[in-house]
Structure formats: C-alpha cells, structure tokens
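K.L.:
need coordinates for the following:
(chains A and B)
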Amino acid sequence: MDLNETPQMAAFRAEVRGFLEAHRGDYAEGSANDVRAWQGLLIGHGYAARTIPREYGGYGAEPDILKGRIIAEEFIAAGAPRGMAGQGISMLVPTLLEVGSEEQKRRWIGPTLRGEIIWCQGYSEPGAGSDLANLQTKAVEDGDDFLISGSKIWTSTAAQAQMMFCLVRTEPQAPKHEGISYVLIPMDTPGIEVRPLKTMTGQAEFNEVFFTDVRVGRDQVVGGRGRGWFVANTTLKHERGMLGDPNATEARLNALIELMKTETVDGQKVIDNPVFRDRLMQLQGRVLSMKFNGLRLITSQLSQEPAGLAGLIVKLQGCELNHQLAALAIDALGELGILYHDGPHLRAKGSWQRSYMFDLGLIIGGGTAQIQKNIISERGLGLPREPKPAAA
Amino acid sequence: MDFSLTQDQRMMQESLARTLAEASSLDRVRKFAGDLSDKGGDIWKVVAEFGLAGIAIPEEHGGLGLSMLDAALASEALGQAVAPVAFMGVVLAPIALLRGGTAAQQAQWLPKLASGEVVAAAAISEPIAGARDGAGVTAKGGKLSGKAFFVPGGLAAGLLIVADQAGGLHLVRGDAAGLTRTLMPGIDETRRLAELGFDGVAAEPLGGGPELLTALRDAGWILLAADTLGAAEVMLDKAVAYAKERRQFGRVIGSFQAVKHLCAEMAAELEPCRSLVWYAAYAFDAAPPNAPGEASLMAAHAKALTSEVGRFVARTSTEVHGGMGITDLLGLHFWFKRIGLNRQLLGGPERVREIAARLQGLAA
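P.N.:
Below you'll find the model as predicted:
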C-alpha cells in the first residue's frame, strides 16, 4: 500500500489544474459554452479521447490509468464538464477500435469524437431484455443490402441520433448466440420510426424504435456477420464500467451532507436529528468502502491482475447505493420531498426526486440486479448455472 | 499509487493461515471453548513464535516492527481460524508504551511482550463504549479504584493497560495488590472476557495525552473490523462450499437462484469491507500521532460497516446451511458468535457512527 503520488503524477495534476484554471471562462456557470468547441479543446489537450490514436481523431496518448483518474478527479473538483459522453463515444468507439475495419474506424471515430455524429444503441427489444440473445429484429439479405424489420426499446437519444449501432438477427437458422450481427444504421433511412418512451420521472429518457424494411448496406456490419453477440459483449464491458462509478457516488454523498446541514425542520437542522444522522453515516461508510474498492480495481488494472469479485460487484452495489442516497435525501426533505416539477419550495430543481426514480431504472438497466447476482455467484463464486428447463 | 498488499504481506497471510489451520483447528477451538481450565497456552506459543507477539514492537525491542496494516492482516487470519487468542492487547499495549511510556517503561516491558513471555491486555471499554452497571475506573494519587468490564485476555494478562474515566491511561502489573479478575461468561467462547476490580491498585501513569486513548480506540476498532472480515470470509466460503455439495430436489442447492443470490449478496457486501479495512489501517500508519483526523474516521467506518455486514453474513451463511447451520456439530456458530462479539466490543455500530459524525463536525 502506497497512496502517495509520484512527482511525475503530481506534476501532471498541476498541469490539469492549470488548464482548468486558465479556461474557467469556458465552462463556469453563465458562460456561453459551446459544447463542441469545449470538446475540441479537451481533445487537443488530451483530456478527452485521450488514448484514441491520432489518425482516428484522438489525442493519441499511451493508456495511463493514473493520469485518467487524475483528470477525472480534477474535473470533478473544478465542477468542469468532461466533454461529450454518450453511447457513441463511450461504447461504439471502443468497439470499433477493437473489432472495426480500417475503413469503419476512419469513417466513424473522428466525427463521433468531435460530436458531429450522435449515436444511439439498438440492443434491447420487448422480448429480449435480460435474455438479450433472444432478440428477434431480423435482417434479410436483398442484393448488397439487408432489409431490417422489428423493434427496439430503451433507446436513449434515438430522437437526436444520426446513427444507431444495432443488433439484428441475420442467420435465423443458427443457434441464438451465433445468428446475430452488429450493424450501423443511419437514422434517417426510410422505414425507421422513433416514439418517445415516457418514464415515471415524467420525461422521455428513452425511446422505442420501429423498423419496417429498413435498407442497410451489408458492408455496414462490424466485426463479421454472425459475430454480433461477441462484438456486443466488448461494448457491454464498457457500459458496466460506467454504471456504479464511485466518484459520482461520492459527489452525490457530499451533496446530501450539504443538504442535511442546510435544511431545517421546526428550526432544527436535519443533520441534528440523530436518526437521520445515523442513516447518513451508514451510507457514508458504504460510499467509502466502494471508493477504496475502486482504488483496488485501479491497482489490479495497473498490475494486470484479475480484479475478481472486487470488479464484479461494482454495478450492483454502486447503483443500489446511489438509489439509497436519493432516498435519504427525499426523507430528509420530508414533505418538501413530494414536490416536483417547479414551484418556490422545490429543492435542487427536483433532482433528488428525479434520481430516486431514474436510478431505479439504472438498477434494472445494464444488467438487472438479479442478473448481476447470477454473474457474481457463477463467475465470482463458482456456483452452477440454473439448469435449462426441459423442452416443453 | 498502489492499493494492494506487498508480496511479503501476502506470504505472511498464507503462512499464518497454514499455521493457524493446524494450531487452532476446529477440534482444538472446540476443546478450548468447552474447558475453562484450558488456557490455550499451546496456541499462544505457536502464535508468539510466528512473531505475532511482537508484531507491533520495534526490532530494537525484539519485535518485528510491522505496521497496523500487518496487524490487521494477522487479526483477519485469527478471525478466519476463530483462534482463541486475545490479540487486541498484544497490539494495543505496545502502542501505549511507545506513544505514552518512558524509555524505562519501554525497556522493562517491550522485550518481554515481544517474546511472548508476558501477555498484555487493554481495559479501555468504558470511556469508549460507555459504562454499564456502574463500571469505570478512577485514578487518584497513583492508585486506581473501580471496575473495568469486557477485557479480552484480562484473566491471565501479566500487564494491563487501563483507561480511567477521564481518559487517562495507566500501566498495571498483573500481580498488583488489590487487583481482582473475574470471568464474564460470554457468548463467544473463543475469547474470554474479564471483569477487573481495582481496590486502590498501584498504577504508573502513561503520557501521550488524550490522543493516546484515541489511538488505542482506533487501533482496537481496526483489529475488530479485521477479525470480523476474516470470520465473515470463512462463513461465506463455507456457505458456497455447502451450496455446491448439498442436494435437494435432485440438484445442488447452489443452482437455485434463491440460494445463489444469497451467496452473491454476501460477497457483494463483504468485498468492499476488505478495501475499507486496508485503508483504515493504512491511514492509521500514515497519520501523525497527535492529529489522527481522517484515520479516526476511517477506523470508525471500518468498525461500523464490518459490524453490519458481519451480522448479515453470519445469519445468511447460517441460513444457507439450513438446519445444519444451527447445530453444534457443524460448529458454524463459533464464527457467528465471534462476529457477534466484535460488533459490540468497543461500541456497537450506532455508537461508533455517532462518533464518526462528531469527528466531522456533524454532531455535537
């Protein structure tokens, strides 16, 4: 155990701090910040698209987990936006880098990084949630093209996206995991209909997407025909890393502490109520344990040792913890916690209420809590899979 | 940045686990638990020879001079083996002597503690966990009066570190006149607790100021947290092993999601505790003695969280074992009770979390 920073890393931290200080005007509240200009600035300095090769539009640095962490910490501390995220950058780009053709990399990665192309992900279907490999959206060969029919659900940003990376069934006769292909589909192709999917938060964070004979060139397949399941698994690996990020959870805990120190009931601060205080301390202990679990994961990555259980539990525990933090905030607000939308008494623009509802979706999405427990018990503890039911 | 154990630490863990598997087998623990005349001298001899007696004592005094993280790893191994060893005093007494003792006191006691010839115990419960049934010790004119409860290893210790109600600390010889020791029969029969009576007992005051009691408290919390971590790991491992082997309805019960999810929940709760215990021990070592700050907060959270998770794992593992889980034959209860004692000793989680809040200025 040695958590001291080397002089080299301390110098890098100072460099990031210097950048954030110099460009405060570009992101401080009230600045006319242009998202794409900020993104370009970040890529130019290596604070976004850091390890993506230069020839594809990235900064081209060697992967360095510690530097990545320092950037994340300093941006959080300064309250500076991390540049563009979205599923194109976080999921499609790493997938193309791993399995895309040279032409696909050159065509898509640069514009995606610069924010010129927004992507959405077409994975889940009404009949294919936890059992994703059961997806039925079909792609039938027609000359040099596929004709795609079916529907997708839980598609974030489908209304804004120019492109979708999508799983479709190209070989209906093959076993279910081997009949799937990963295709790139322009969202303005005739036959695509996007319907917003309103959730309990009152907003449409997701969409449904319907395909009727949507024509896509067969050269839009990534990673080979029938290989879509394996291509998608490289992408899902990137998604699970994002859900349950302990840095985000710690930031939320700090906001909750602030809330409890400032809110009063009958003139008494909420933090002075021993029951609420104890609930806060219980959650703080858990947040700290996940923070140090995260440091352990970084060390495993650095030494290229398997992280084992410490990695498998992050999505389950992190998402649950986020939800509990929101729940305590609402309870601390008491009757104020049932306000929503707007009004003079609403706190933090209703963000705690929204988190409480939306985070329940994150416990379910990206592999439900129950699927996570299967993964932990099977891959982490070596327990057997549930036997398949005998054919009816 | 390196958040992991060194090669030496991993080797120490493995070697200690092997040593304890033999010296503190379940049969041996069972005998100790059932026979008050059994003092476990053979187990202590092996543990002392391994080096644990001097783990927190500098090499110039005959010890190993290792860190709190090393002591925590040893405590974890003792918890895994439900070893009948009162380890807390073994670590706390050297800290008290090194931070609050004179050179003469250090020279007098540390070599004997390091060799295992003298075993020390710490009586610090009342000023930390609160006084029950009128317990508490007062110091006046170099003499101690009153009672101290819940002292692990206190029945046989040759040296006692005693906290008075004002937070001052004292050295008391095990053979001092006016000192009485009585067994407090407890639920965890792997560690015997003593009630100490002081009737004008001669004591040498220790320096170090109020920070010394804070350091002993933090160290005690870390050791108890690590002991629970170790005991809970074993309970999880035993539950998983049982679920892989026990068959009902024609299949192993570990293939039922209702059972395997219990195992996954135990693992998901327990794994982050390991990182928190490591960090708390690391912070204890890194903090300057007069400004524990963050280290105290981490020790408190490590103690409180392992207490909660330990209770969950203890009951869940027992349930996974079905009816066998509650039998004496299986012996799972030794781990269950070990975790139960660790939860209450030096303050249950509610009290410890209140201290955690106070340390951050969130409570008066």
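K.L.:
OK, contacts around residue 246?
P.N.:
You didn't say which chain, so I picked chain A. Applying C-beta atoms under 8 Å, 6 or more residues apart in numbering or on different chains, we find A:P246 in contact with A:287, A:290-291, A:293-294, A:314, A:318. Using the backbone N, CA and C atoms, a C-beta is placed for each residue, glycine as well.
K.L.:
my bad, the chain I had in mind was chain B
P.N.:
For B:R246, counting by C-beta under 8 Å, 6+ apart, the contacting residues are B:252-254, B:322.
K.L.:
same thing with B:L212?
P.N.:
Contacts of B:L212 by C-beta under 8 Å, 6+ apart are B:96, B:99-100, B:169, B:206.
K.L.:
as CSV, those residues with distance to chain A, secondary structure and pLDDT would be great.
P.N.:
Output for the contacts of B:L212, formatted as CSV (distance: C-beta to the nearest C-beta, whole Å; DSSP: H, G, I helix; E, B strand; the rest coil; pLDDT from 0 to 100):
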residue, distance to chain A, secondary structure, pLDDT
B:A96, 24, helix, 98
B:R99, 22, helix, 96
B:G100, 26, helix, 97
B:L169, 28, strand, 98
B:L206, 29, coil, 97
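K.L.:
can I get these in CSV with neighbour count?
P.N.:
Formatted as CSV, the contacts of B:L212 follow (neighbours: other C-beta atoms under 10 Å in any protein chain shown):
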residue, neighbour count
B:A96, 30
B:R99, 18
B:G100, 25
B:L169, 28
B:L206, 22
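K.L.:
which one of the contacts of A:P246 sits in the busiest neighbourhood?
P.N.:
Counting neighbours by other C-beta atoms under 10 Å in any protein chain shown, A:N293 comes out on top of the contacts of A:P246 with 26 neighbours.
K.L.:
pull the most distant pair out of the contacts of B:L212.
P.N.:
B:R99 and B:L169 (9.6 Å; C-beta to C-beta).
K.L.:
so what's in contact with the two at the same time?
P.N.:
In contact with both B:R99 and B:L169: B:208, B:212, using C-beta under 8 Å, 6+ apart.
K.L.:
how far out from the middle of the chain is stretch B:83-96?
P.N.:
8 Å (C-alpha atoms, centre = their mean, to the nearest Å).
K.L.:
oh, that last question was meant for stretch A:221-234, not what I typed.
P.N.:
The chain centre lies 20 Å from the centre of stretch A:221-234; the measure is C-alpha atoms, centre = their mean.
K.L.:
quick one: average pLDDT of it?
P.N.:
Stretch A:221-234 shows a mean pLDDT of 93.
K.L.:
let's see that stretch as CSV, backbone CA atoms only.
P.N.:
Extracted in CSV, the C-alpha atoms of stretch A:221-234 (Å, rounded to 0.1, in the frame of the first residue of the first chain):
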residue,chain,number,x,y,z
VAL,A,221,-21.7,-4.9,-40.4
VAL,A,222,-19.0,-4.6,-37.7
GLY,A,223,-16.8,-7.5,-36.7
GLY,A,224,-18.2,-10.0,-39.2
ARG,A,225,-21.6,-11.5,-40.0
GLY,A,226,-23.0,-13.7,-37.2
ARG,A,227,-20.3,-12.3,-34.8
GLY,A,228,-22.6,-9.6,-33.3
TRP,A,229,-23.0,-11.2,-29.9
PHE,A,230,-19.3,-11.2,-29.3
VAL,A,231,-18.9,-7.7,-30.7
ALA,A,232,-21.7,-6.5,-28.3
ASN,A,233,-20.0,-8.1,-25.3
THR,A,234,-16.9,-6.0,-25.9
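K.L.:
what lies in contact with that stretch?
P.N.:
A:94-96, A:98-101, A:104, A:123, A:132-133, A:165, A:167-168, A:170-171, A:174, A:177-184, A:218.
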